[in-house]
Every structure is written in C-alpha cells, then in structure tokens.
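1. mind looking at a prediction? Sequence and model below.
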Amino acid sequence: MSSILAWDDQRIFLAVLEEGSLSAAARRLGLSHPTVRSRIEALEAHLGTVLFTRSVNGLAPTETAEALRGPARAMAMASELFVRQASSAGNEIAGTVRMSVPEFMGIEVIPVMLARLREAHPRIRIELSLSNAPADLLAQEVDVAVRTVAPKQEALVARKVAAIPLGFFAAPGYVARHGAPESLADLAEHDVIGSDRNRSDLAFAERFGVALRRDRLVLRTDSHPAQLAAARAGVGIAVAQVPVGESDGRLVRVLPDVEIAVLETWIVTHENLSRVPRVRAVFDSLVESFGAMRRAR
C-alpha cells in the first residue's frame, strides 16, 4: 500500500465521520452522494480496512475510523490555517480571520462590531464560527475567540473586555396580559423559558428554585438566541444579557433589581498570531467595541 493519501480523500472521510451519513457529508462538501460513497470505498480499499458500518442511525464509525478522527481534524485545521495565512501578504491589514464566538453573542452582539471593523479595515474577511464550546486556540483552529471563561494557557494573549449582567426579559404584550412578577417567587406563576438539556444551564437555573425548574418551563431549548426570540414573540420570560435586552424595544426588563449573574468576557488569540496585522486589527477592534458598549451603559 502506498503511504501517500490525497488530502481531499481525508477531507471527505472527516466530513462523513462528523456528519454521520454520506448524504449529509455530500451536502457539506458540495459533492454528489455517489462521489462521496465511491471516495470512501476507495479510501477503505487503499487502507485495507473498514471505516464505517451501517446502523439504524446512519453510518457508524469503526474503531479504526475513530482512531483517525484526531489526525484528520488536525490536518483540516492545518489546511484551513494555511489558507488563512496565504490570504494576505506582508504587513497588510488584509486577508481572512477566523473567529469563534458564543452563539448568543454571534447573533445579538458581534454583528454591529463587525460592521465597525469592516468600515475601518475593508480588506479583512471574517469567518465566524458560532459555538458555545471553546475553540482550540493552541492548535490555531481559529485566530481570535470571544470567551466567557478566562483562558489559562500561557501561550494565549487575552484581554478582559466586559462583565455583562444577565437579567429577566419579556415582551410588553406578555406583561400587559400577565402582569410583571414582583419577586423571584412570583416567577412560579408565570410562563418561563429556559434550557432543555444543557447541564450547566440547568444546574444554574436550579439555584433560583422551583420557578426555573426544568419541568415548570413552558418552552425548553438549549439555544439562547431561540430563548430570546421566543420572549420577543410573547411566549414568556427569558434570561438575556442586560445590554441586549435593554436596547431592544421589543422587550422590557422584569425584576430589574435581580442580577442573575455576570458574564465575564475575554478576547483571546494565540501569542504567535497577536503580531499578525490582520489578527491584531480584529483583536483591537473587538476590544474597543466592547469598551464602547460598556461605556454606553
């Protein structure tokens, strides 16, 4: 067996592994279903092993496939980094910067900041990854991350930019129909929106007693933007970042004296990237934008 494998075959293997089916991998890669199937079969023949078996839930990876997940993902990240590094030349503030941002911030907070960034640096292109799981900055999976947990690795450069309070919000129409709770205990008599299966969110909610218990919620979803969208639509009361809720005319704050928690926010990059002009420009722009948001409160 030749030791040389085409990266494209490994890219297809990784897509099938992560998506769980040939059809989903084909859609992700923009390829036909037969092409993906034939490339996987060719890869298995080349390696002399079986990578996937069929199950009721789609394709199940074999132990061999699972053992190859890490190397394949590392190669994918290296390939993506190669493309981003090649997207600019010299000391120009230009090219692609990949950012990782928590889902809620990526929808409700970051877009206006990116508009300011684009005005200042029109030759920068942004790849935005929305995920509540921290991206691997040490492996340079992304160039810049917005995090709500302080980074501890010495190779990372970080700036704390905000301490964002969380509060309860509802639509004016909901308050008109049901009134506003006057205490946390009153929430037990209201329609409350919260998390479904996210363990950390559910454990956090348990601290507020029966009103936020999972089985009492009228709508459960682990998507924080979906929770806020439901509150805007009048479904019930949801938790949101106070600056977002207070700036939205479709929402009113209820229990305004209750500060549920404070979300510390950090801008982070790898020390090796902190001196790359396009990465530094994005880092500094986010620091300034969060500072402006903090000063506006």
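-> That came through, no problem. Numbers count the residues shown, from 1 in each chain.
2. against residue 158, how distant is residue 286?
-> Computed as Cβ to Cβ, to the nearest Å, the residue 286 to residue 158 distance reads 12 Å. All C-beta spots, glycine's among them, are computed from the backbone N, C-alpha and C.
3. overlap of the contact sets of the two?
-> residue 267 (Cβ atoms under 8 Å, 6 or more residues apart in numbering).
4. neighbour count: those two, which is higher?
-> Residue environment comparison for residue 286 versus residue 158 gives the larger neighbour count to residue 286, 25 against 17, counting by other Cβ atoms under 10 Å.
5. what's the helix or strand where that one lies packed up against?
-> Here residue 286 is covered by helix 277-296, with elements defined by DSSP states H and E. For helix 277-296, the packing partners by 3 or more Cβ pairs under 8 Å, 6 or more residues apart in numbering; DSSP states H and E come out as strand 95-101, helix 110-120, strand 124-130, strand 144-147, strand 156-170, strand 261-270.
6. a markdown table for those, including mean pLDDT and distance to residue 278?
-> Shown next, in a markdown table, are those (pLDDT from 0 to 100; distance: least, Cβ to Cβ, whole Å):
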| stretch | mean pLDDT | distance to residue 278 |
| --- | --- | --- |
| strand 95-101 | 93 | 5 |
| helix 110-120 | 95 | 11 |
| strand 124-130 | 94 | 6 |
| strand 144-147 | 94 | 10 |
| strand 156-170 | 94 | 15 |
| strand 261-270 | 93 | 11 |
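7. who wins for proximity to residue 255 among the ones you listed?
-> The minimum distance between residue 255 and the helices and strands packed on helix 277-296 falls on strand 156-170, with 5.0 Å, by Cβ to Cβ.
8. got the buried residues for the helix or strand following the closest one?
-> Note on strand 156-170: by DSSP H and E, the next helix or strand toward the C-terminus is helix 172-178. Of the residues in helix 172-178, those buried under the neighbour-count criterion (16 or more other Cβ atoms under 10 Å) are 174-175.
9. which helices and strands does helix 172-178 pack with?
-> With contacts defined as 3+ Cβ pairs under 8 Å, 6+ apart, the secondary structure elements packing on helix 172-178 are strand 252-254.
10. need the contact partners of the strand it packs on.
-> Contact partners of strand 252-254, identified using Cβ under 8 Å, 6+ apart, comprise 167-172, 175, 180-181, 237, 242, 245-246.
11. at 10 Å instead, please
-> 167-176, 179-182, 186-187, 190, 237, 240, 242, 245-246 (Cβ atoms under 10 Å, 6 or more residues apart in numbering).
12. need the distance between the two termini of stretch 131-143.
-> Using Cα to Cα, to the nearest Å, the end-to-end distance of stretch 131-143 comes to 15 Å.
13. give the buried residues for that stretch.
-> For stretch 131-143, the buried set under the neighbour-count rule, 16+ other Cβ under 10 Å, comprises 132, 134-135, 137, 140-143.
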